[in-house]
Structures are given as structure tokens and as C-alpha cells.
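Engineer: here is a sequence with its predicted model. Questions after.
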Amino acid sequence: MKLGIYDSAQALGNTGQAFQQFSELRAQVVRVTLNWRDVSLTKPAFGTFDDPASYRWSKPGVYDYDQMVREAEFRGVDVMFTILDTPAWAGGGTRGQLAPKNMAWLQAFARAAATRYSGVYTDSTGAVLPRVRYWTAWNEPNSPNFLRPQYKRVNGRWVIWSARRYAKMCTAVFRGIHAGEVSAARSPAVSPTRAGTTMSAGSAVLRPRCHSSAP
């Protein structure tokens with residue numbers, strides 16, 4: 001078992017100092033949100049959804065994912081990326097809380113991210129970016145703060161709709177990550193325990209690695 005910290009704000013906003021502190025705390029892995037909505041403000045051109053070049057991996061003064069993974073490697077800390085927030089163009093609404101209208105878009109983004117951080121991908125300067133070995137899908141999918149709607153009336157009865165959508169989202173991320181990684185693959189998160197039986201309705205293809213649900 002590895003000792004981990006979840007602090008996207010510091011990891012992305014104060015990268016050098018943050019990772020120095022993580023190292024001093026002997027953290028072995030840092031969980032960081034990879035915000036799909038932020039890196040994909042506009043819909044990629046047809047045929048380029050799984051191309052890392054179609055996304056904005058840095059925004060001056062706000063985030064720089066390449067710098068962050070490099071600093072993590074320098075400090076000997078593993079990164080766990082959590083793919084989160086659906087872009088507005090993909091149907092995520094104003095806050096990214098809705099599941100994507102087309103799971104193929106999420107799968108393609110996961111593939112692009114895994115390709116970029118596969119350990120063999122070179123950036124615009126020709127430098128190889130470090131590999132990210134750990135991936136999860138979404139945060140607290142059983143909370144309306146992150147995924148809506150939680151319930152939906154289907155055939156005259158209320159069902160846990162978030163779990164059904166999350167099942168499909170996990171499958172999309174799983175397939176995208178495994179398609180994008182050049183070397184060994186890691187799996188995304190599984191559903192909350194409470195919604196586990198409901199997820200079978202979504203035909204999820206999963207291997208549990210990490211789990212984050214609201215109490």
C-alpha cells in the first residue's frame with residue numbers, strides 16, 4: 001500500500017514548493033485532477049479526438065500538467081490522474097457535472113491523455129514526458145456535486161441513474177487508457193459500493209484500483 005495525498009490545487013498552482021513538501025512528507029503518490037473541461041474548451045476536429053495535440057495541457061498561471069509530472073518524477077513521487085468534468089461541448093453543462101452525451105469522446109480523451117503520459121511521448125521541444133501509471137475516473141460519482149442527475153425515472157420507477165452513467169464512463173476511460181498506454185496499463189476507478197449492483201445495468205468493464213465516493 002502506498003501513502004498518498006490528494007491536492008490538485010497545490011500540485012498544479014504551486015508545483016515546485018508543493019512537491020518539495022510532498023517529498024518531505026514521504027508521500028509516494030499524489031492524486032491530481034485532470035480536468036477534461038479545462039483542457040478541451042472547444043470540440044476537437046473530426047478524427048483528432050484521440051490526438052494529444054488537440055488539447056491544452058497548460059494554461060499560464062493556472063496549470064501545467066507537463067511541468068507537474070516532471071516535478072513529480074524529479075521528487076520520486078508517482079502521479080495518479082483523476083479524469084473529471086465534462087466539457088460544455090460534450091454535454092457537461094455549465095459546471096461539467098453531466099455525463100458526456102457520447103462516451104466515445106471521453107474514451108478518446110482518455111486515450112490522448114494516456115498517450116501523452118505513456119513515458120515515450122515527446123513534447124514540442126523533443127523532450128520525453130514522464131509516465132503516469134495510475135488513473136481513476138471521476139470523483140465521488142454518487143454526489144450531485146460531481147455527477148448529475150443522481151436519480152432518474154425509468155419505466156415508471158426511480159433508478160440510480162448516476163451509477164448507470166458512471167459505469168459507462170468507467171468503461172470508456174478504461175478502454176481509452178489501455179489503448180493509449182504504450183507500456184503497462186493501469187485501470188480507472190470503480191463505482192461507489194452503494195451503487196455497485198446498479199452498475200451492472202450499464203455493462204461496465206472494470207478492474208478496481210481506486211475508489212472515491214462521498215459518505
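Structural biologist: Happy to help now that I have it.

Engineer: quick one: buried residues of stretch 138-157?
Structural biologist: Across stretch 138-157, burial judged by 16 or more other Cβ atoms under 10 Å covers Trp138, Asn139, Pro141, Asn142, Ser143, Phe146, Leu147, Arg148, Gln150. In this view, the C-beta of every residue, glycine as well, is placed from N, C-alpha and C.

Engineer: what about it, start to end distance?
Structural biologist: Stretch 138-157 stretches 26 Å from its first residue to its last (Cα to Cα, to the nearest Å).

Engineer: quick check: mean pLDDT of that stretch?
Structural biologist: What stretch 138-157 shows for mean pLDDT is 95.

Engineer: could you do stretch 120-134 as well?
Structural biologist: Per-residue scores along stretch 120-134 average to 95.

Engineer: how much space between Gly180 and Trp105?
Structural biologist: If you measure Gly180 against Trp105 using Cβ to Cβ, to the nearest Å, the figure is 14 Å.

Engineer: can I get the buried residues of stretch 138-157 in JSON lines with distance to Thr122?
Structural biologist: JSON lines is the format used below for these (distance: Cβ to Cβ, whole Å):
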{"residue": "Trp138", "distance to Thr122": "29"}
{"residue": "Asn139", "distance to Thr122": "30"}
{"residue": "Pro141", "distance to Thr122": "34"}
{"residue": "Asn142", "distance to Thr122": "39"}
{"residue": "Ser143", "distance to Thr122": "38"}
{"residue": "Phe146", "distance to Thr122": "34"}
{"residue": "Leu147", "distance to Thr122": "35"}
{"residue": "Arg148", "distance to Thr122": "39"}
{"residue": "Gln150", "distance to Thr122": "42"}
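
Engineer: if we take those, which one ends up nearest to Ala27?
Structural biologist: Comparing the buried residues of stretch 138-157 against Ala27 with Cβ to Cβ places Asn139 closest, at 18.8 Å.

Engineer: which other residues reach stretch 73-84?
Structural biologist: 2, 4, 19-20, 22-23, 27-36, 68-69, 72, 96, 106, 109-110, 113, 117, 130, 132-139, 146, 173, 188-189, 210, 212 (Cβ atoms under 8 Å, 6 or more residues apart in numbering).

Engineer: which of these are buried?
Structural biologist: 4, 19, 22, 27, 29-36, 68-69, 72, 96, 106, 109-110, 113, 117, 130, 132-139, 146, 173, 188-189, 210, 212.

Engineer: just list what the helix ranked longest in the chain packs against, helices and strands only.
Structural biologist: As assigned by DSSP state H, the longest helix anywhere in the chain is helix 161-180. Using 3 or more Cβ pairs under 8 Å, 6 or more residues apart in numbering; DSSP states H and E as the contact test, the elements touching helix 161-180 are helix 103-116, strand 134-137, helix 196-199.

Engineer: next, the angle from that helix to helix 103-116.
Structural biologist: 40 degrees (axes from the mean of the first three to the mean of the last three Cα atoms, to 10 degrees).
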